[in-house]
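>>> sequence and predicted model, in that order:
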Amino acid sequence: NAGVMQNPRHLVRRRGQEARLRCSPMKGHSHVYWYRQLPEEGLKFMVYLQKENIIDESGMPKERFSAEFPKEGPSILRIQQVVRGDSAAYFCASSVDRLNTEAFFGQGTRLTVV
Amino acid sequence: AQSVTQPDIHITVSEGASLELRCNYSYGATPYLFWYVQSPGQGLQLLLKYFSGDTLVQGIKGFEAEFKRSQSSFNLRKPSVHWSDAAEYFCAASSGSARQLTFGSGTQLTVLP
């Protein structure tokens, strides 16, 4: 039973490019959460999705960031026109229930904007 | 606003010594409480969680945590630390309605031989 899979593990983008981060939840999990970890900081919630629906995006920056979790395939976190300040580790977590009683985390995607 | 505070940024202990990592939360009602561990370049692994009931919770790798409502605390403890415990530790909380986890800023643990 594979855990939460994120790819790529490392991503380098030039300023102005687009970054696409993928997350495949654990088998049987239909709830996905994205978190961002800036250097020397804890994780900050970004968005919570269920299949085909965004439930809570209160932690997402208003511009350039979007997320989706289609019926088929992984969840995607998309960052358009990246800037240096977007450099961070992005973690995905999945859970089996909406109360998030136990979330399993992927290994993260480390985005570096140069 | 809901928040989780880990007062200690960095703790150093000798191998075999006892360990206590502090965590305080600020929520309207008692939230679900969690401790995660993160090794360098890795994701987060759940050590233990508290929802209700017995205030002393046992976790993996010999860790335990005690919930104290009067102090709004959920401190993590281990009687004897191993060198492999060196990592960053995050306390987190969630309320049933908000669902997402709110993390503390983490405590970096260094273990001396």
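Received the coordinates, thanks. Numbers count the residues shown, from 1 in each chain, chains lettered A, B, ... in the order given.
>>> run through who's touching stretch A:9-22.
Among residues not part of stretch A:9-22, those counted as contacts by Cβ atoms under 8 Å, 6 or more residues apart in numbering or on different chains are A:6-8, A:74-84, A:86, A:90, A:92, A:107-114. C-beta here means a position set from N, CA and C on the backbone, and glycine is covered the same way.
>>> so for it, mean pLDDT?
Mean pLDDT, stretch A:9-22: 98.
>>> repeat that for stretch B:68-87.
Averaged over stretch B:68-87, pLDDT sits at 96.
>>> get me the contact residues on chain B for chain A.
B:32, B:36, B:41-46, B:49, B:51, B:90, B:92, B:94, B:96, B:98-106 (Cβ under 8 Å from any Cβ of the partner chain).
>>> so B:Ser84, which of the three states?
With DSSP: H, G, I helix; E, B strand; the rest coil as the basis, the three-state label of B:Ser84 is helix.
>>> can you get me a residue count around it?
10 (other Cβ atoms under 10 Å in any protein chain shown).
>>> enumerate every residue touching it.
By Cβ under 8 Å, 6+ apart, no residues touch B:Ser84.
>>> and what of B:Val37?
B:Leu44, B:Gln45, B:Leu47, B:Lys61, B:Ala87, B:Glu88, B:Tyr89, B:Phe90.
>>> run the last query once more with 6 Å
By Cβ atoms under 6 Å, 6 or more residues apart in numbering or on different chains, the residues touching B:Val37 are B:Gln45, B:Leu47, B:Ala87, B:Tyr89.
>>> between these, which is closest to chain A?
Top of the list for closeness to chain A, among the contacts of B:Val37 and by Cβ to the nearest Cβ, is B:Gln45 at 7.5 Å.
>>> now the closest one: which helix or strand?
Secondary structure assignment for B:Gln45, by DSSP states H and E: strand B:44-50.
>>> in PyMOL, how would I select the buried members of the residues of chain B next to chain A?
A single PyMOL command is used to select the members of those judged buried by 16 or more other Cβ atoms under 10 Å in any protein chain shown:
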select buried, chain B and resi 32+36+43+44+46+49+90+92+94+98+99+100+101+102+103+104+105+106
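>>> strands - which of the residues of chain B next to chain A land there?
The members of the residues of chain B next to chain A that map onto strands under DSSP state E are B:Tyr32, B:Tyr36, B:Leu44, B:Gln45, B:Leu46, B:Lys49, B:Phe90, B:Ala92, B:Ser94, B:Thr102, B:Phe103.
>>> let me see the ranges of the strands in chain A.
With DSSP E, the ranges of strands along chain A come out as A:5-7, A:10-13, A:19-24, A:31-37, A:43-50, A:53-56, A:65-68, A:75-79, A:88-95, A:104-105, A:109-113.
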